[in-house]
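**Q** I'll drop the sequence and a predicted model, then ask my questions.
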Amino acid sequence: MSYLANENRYAEMVYNRSGKSGLKLPAISLGLWQNYGDDKNFDTIKSMVRRAFDLGITHFDLANNYGPPPGAAERNFGRILKEDFSGYRDELIISTKAGYTMWPGPYGDWGSRKYLISSLDQSLQRLGLDYVDIFYHHRPDPETPLEETMGALDSIVRQGKALYVGLSNYGAEQTKQAAKILKELGTPCLIHQPSYSMTNRWIEDGLQDVLTEEGIGTIAFCPLAMGLLTDKYLNGIPEGSRAAANSWVASNITEDSVAMVNQLNAIAIERNQTMAQMALAWVLRGGRVTSALIGASRVSQIEDNVGALRNLTFTDDELKQIDEILNRN
């Protein structure tokens with residue numbers, strides 16, 4: 001094993017309990033949704049994963065379809081596990097998901113028992129693991145009975161293929177129903193993974209209350225709004241940025257949104273933070289969110305994001321200013 005982890009990796013990271021479970025997650029987790037497929041340099045991928053762990057990030061989040069091509073992120077991460085992290089497996093929380101299209105035909109999508117168990121078997125092969133720590137259903141299936149989907153998650157835990165299960169992209173009522181079924185089966189829902197950021201606050205309209213009532217943790221994806229809540233777009237769309245290559249992202253970088261982020265950035269500067277650090281601290285404010293799930297294309301972004309932990313508190317006046325800028329007053 002050529003890699004030796006930083007001896008002080010746990011000194012600065014904050015670890016939060018996931019709901020009412022016994023599991024703690026780092027306040028900042030690393031997601032491998034973007035920038036970890038075969039279209040990226042493997043050495044860069046490896047350097048980001050290594051640096052994340054050196055900074056105390058123990059949780060690495062994947063899904064069956066992350067790539068490109070689908071499955072590539074799991075395969076690349078599995079190679080890193082084998083080459084660098086084989087001696088650190090018990091210090092890691094590794095999650096994956098199934099719920100979006102993974103292979104052709106009627107059994108490679110959504111939420112059937114057939115799909116979920118088959119998909120996880122494939123994921124474990126790509127990762128080179130006997131089990132994952134968390135397995136998520138990635139999105140609700142409007143046609144498969146919820147009892148079947150939750151029953152598959154329960155079976156996966158009982159088979160020893162996952163230690164915990166979670167949900168992603170489920171609404172408040174769906175989450176409440178799913179949590180009830182899982183609890184009755186004896187495999188409680190550990191965590192929910194919704195999108196959540198300053199500019200995307202839908203979980204505050206019911207879902208957060210359900211998660212609190214059910215004792216389920218929350219890990220927020222897209223806490224930086226696909227890069228909008230960073231200093232990247234303070235002057236519009238730069239060449240080579242994600243927005244320059246992605247029309248969906250670019251559609252959100254408007255004159256109004258740039259003006260809004262510049263106002264928010266002024267508050268961040270007063271807090272001695274970067275825009276990204278303040279956005280992450282905001283998501284983690286008040287302790288209702290267990291972990292903020294970041295993406296990264298280079299090591300320096302991970303280092304900057306972890307720096308958010310140096311100031312996680314907000315004054316009432318700061319929160320009021322932020323709400324006014326976001327037109328939430």
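**A** Nice, I can see it.
**Q** CA atoms for contacts and neighbours, from now on please.
**A** Noted.
**Q** the protein: helices as residue ranges?
**A** Taking DSSP state H, the helices of the chain run over residues 42-54, 72-84, 113-127, 146-158, 172-185, 207-214, 242-245, 247-251, 255-270, 275-284, 299-306, 316-325.
**Q** now do stretch 309-319: distance from first to last residue.
**A** End-to-end distance for stretch 309-319, by Cα to Cα, to the nearest Å: 17 Å.
**Q** any weak-confidence spans in the stretch 101-250 of the chain?
**A** Along the stretch 101-250 of the chain, segments meeting pLDDT under 70 span 237-250.
**Q** neighbours of the closest residue to residue 114 other than its chain neighbours, how many?
**A** Residue nearest to residue 114 in three dimensions, not counting chain neighbours: residue 107, with 6.6 Å by Cα to Cα, 6 or more residues apart in numbering. By the measure other Cα atoms under 10 Å, the count of residues near residue 107 is 17.
**Q** one more: residue 16?
**A** Neighbour count for residue 16, taken as other Cα under 10 Å: 18.
**Q** hang on, isn't it packed against residue 288?
**A** No: the criterion here is Cα atoms under 8 Å, and residue 16 misses it with residue 288 at 10.0 Å.
**Q** I figured residue 306 hits residue 26, correct?
**A** No: Residue 306 lies out of contact with residue 26 (Cα under 8 Å); the separation is 10.1 Å.
**Q** report the set of residues contacting both of those two.
**A** The contact sets of residue 306 and residue 26 overlap at residue 13 (Cα atoms under 8 Å, 6 or more residues apart in numbering).
**Q** find the centremost residue of this structure, please.
**A** The structure's the chain has its C-alpha centroid closest to residue 293; by Cα atoms, centre = their mean the separation is 3.5 Å.
**Q** surely it touches residue 219?
**A** Yes: using Cα under 8 Å, residue 293 is in contact with residue 219, at 6.4 Å.
**Q** joint contacts of these two?
**A** Joint contacts of residue 293 and residue 219 (Cα under 8 Å, 6+ apart) do not exist.
**Q** so the residue nearest to the centre of the chain versus residue 259, what's the distance?
**A** From residue 293 to residue 259 the distance is 25 Å (Cα to Cα).
**Q** the closest residue in space to residue 3 that isn't next to it in sequence - how many residues pack around it?
**A** In space, and not counting its chain neighbours, residue 3 is closest to residue 84: 5.3 Å by Cα to Cα, 6+ apart. Neighbour count of residue 84, defined by other Cα under 10 Å: 18.
**Q** measure residue 84 to residue 206 for me?
**A** Noted for residue 84: a distance of 42 Å to residue 206, by Cα to Cα.
**Q** go on, residue 66?
**A** Residue 66 is 29 Å from residue 206, where distance means Cα to Cα.
**Q** what's the answer for residue 22, then?
**A** Counting by Cα to Cα - residue 22 and residue 206 are separated by 25 Å.
**Q** for residue 101, what are its contacts?
**A** 65, 108, 109, 110.
**Q** could you flag which of those are buried?
**A** For the contacts of residue 101, a burial check counting by 16 or more other Cα atoms under 10 Å picks out 65, 108, 109, 110.
**Q** closest one of the residues you listed to residue 275?
**A** Nearest to residue 275 among those: residue 65, at 30.1 Å, using Cα to Cα.
**Q** that closest one is in contact with residue 96, isn't it?
**A** No: the pair residue 65 / residue 96 is not scored as a contact, 9.6 Å apart, by Cα under 8 Å.
**Q** hang on, the earlier thing: residues contacting the residue nearest to the centre of the chain?
**A** Residue 293 is in contact with 28, 29, 30, 31, 219, 220, 221, 222, 223, counting by Cα under 8 Å, 6+ apart.
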